[in-house]
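Engineer: Quick one, structure for this:
(one chain, ligands or ions: 1)
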Amino acid sequence: MKSQEFSFRSRIKSFRFAMEGIGSFFQREHNAWLHFMATIAVITLTALVGVTKNELLALVFAIGFVWVAEMFNTCIERVMDFVSDQRHAEIKFIKDLAAGAVLVSAVTALAVGAIVFIPKLF
Ligand SMILES: Nc1ncnc2c1ncn2[C@@H]1O[C@H](COP(=O)(O)OP(=O)(O)OP(=O)(O)O)[C@@H](O)[C@H]1O
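Structural biologist: Next up is the predicted model:
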């Protein structure tokens, strides 16, 4: 692979493509809006009950973790649908594994939320 010289213009272009990717995620995936509403709910709760800096760090990472897992899951689903429209056991395995990763991230975020908020609410 040819190495390219660093250029701010191409970095800005890459950033714009990444933002377009996030925009498409919202346009095409209902799950994006569910995560958005969940994120707003957590931010609201955080503002209402108050959290320490470390708790905030844990919450920010938990939220980001779920977003990243969901976005990669969408990529994998789309690639698989693009590669073949036939049913195939290996495609099922790959899609289900990616969906499993989202579930792991969601359970992790739920655990972080419970650890932070339950003692403050009850
Ligand atoms: N081409 C395929 N070959 C084999 N199994 C598939 C294929 N496409 C999807 N599946 C499997 O069928 C089940 C449902 O698939 P589907 O894509 O509808 O999942 P979903 O979770 O409902 O997706 P979405 O989030 O897009 O609604 C899953 O277990 C998935 O792995």
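Engineer: residues from the chain in reach of the ligand?
Structural biologist: The chain has residues 77, 87-88, 91-92, 95-96, 99 near the ligand, with proximity defined as CB under 6 Å from any ligand atom. All C-beta spots, glycine's among them, are computed from the backbone N, C-alpha and C.
Engineer: for those residues, which one is nearest residue 66?
Structural biologist: Nearest to residue 66 among those: residue 99, at 13.1 Å, using CB to CB.
Engineer: so which strand or helix has the closest one?
Structural biologist: Per DSSP states H and E: residue 99 is located in helix 89-121.
Engineer: List the buried residues in that helix.
Structural biologist: 91, 94-95, 98, 101-102, 105-106, 109, 112-113, 116-117 (16 or more other CB atoms under 10 Å).
Engineer: what is the mean pLDDT for it?
Structural biologist: Mean pLDDT, helix 89-121: 97.
Engineer: Where does the prediction get shaky in the chain?
Structural biologist: Within the chain, the segments meeting pLDDT under 70 span 1-2.
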